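Q: Provide a 3D model corresponding to the input given below.
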Amino acid sequence: MMKKILVIHGPNLDLLGQREPSIYGRKTLKEINDELKRLARKRRVALKIVQSNHEGEIVDSIGKSRNKFDALLINPAAYTHTSVAIRDAIAASGILTVEVHLSNIYSREKFRQKSLISPVVKGTILGFGYKSYLLGLEALVDLLDAK
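A: Got it, this is the predicted structure:
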């Protein structure tokens, strides 16, 4: 049976390619999603990709993932630093999760240097631009294959 991975893009990631390209790169969200889909086909996994600017929608997506998906790849974006609700949803779901970020949050403003999400995920990949997503997906597939 094909493994299923949920990809969640957090707030403002729908603006990629036009929003602060010196920090977030020039690739659009569609281009990143296309790269993820190509890699997923190559690695023989199915993806469901969602983007939301709304914390509750992200929490709901995580909550519903438990029995539908084998893993979660998430870029919580600004909610990384503020959302106990997303952290708690990931912890409660028990789903294998990798957190990704386009930029290196530890080289940014002080308020961005704390992740509430990192303590409840398997690992975090950051600072490699859109490739953070690809590395995160590779890591999840490898972890699932090792099970």
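
Q: in the protein, what helix or strand scores lowest on average pLDDT?
A: helix 21-24 (a mean of 74; mean pLDDT, DSSP states H and E).

Q: which strands and helices lie in contact with that one?
A: Here helix 21-24 touches no other helix or strand, going by 3 or more Cβ pairs under 8 Å, 6 or more residues apart in numbering; DSSP states H and E. Bear in mind the C-beta positions are built from the backbone N, C-alpha and C, glycine included.

Q: distance of Ala85 from Ile62?
A: 9 Å (Cβ to Cβ, to the nearest Å).

Q: mind listing the helices for the protein?
A: 21-24, 29-43, 55-65, 84-93, 131-146 (DSSP state H).

Q: and the angle for the fourth one with helix 55-65?
A: The one in question is helix 84-93. On the basis of axes from the mean of the first three to the mean of the last three Cα atoms, to 10 degrees, helix 84-93 is oriented at 0 degrees to helix 55-65.

Q: which strands or helices does helix 84-93 pack on?
A: By 3+ Cβ pairs under 8 Å, 6+ apart, helix 84-93 packs against helix 55-65, strand 71-75.

Q: again, only this time at 10 Å
A: Applying 3 or more Cβ pairs under 10 Å, 6 or more residues apart in numbering; DSSP states H and E, one finds that helix 84-93 makes contact with strand 3-9, helix 55-65, strand 71-75, strand 96-101.
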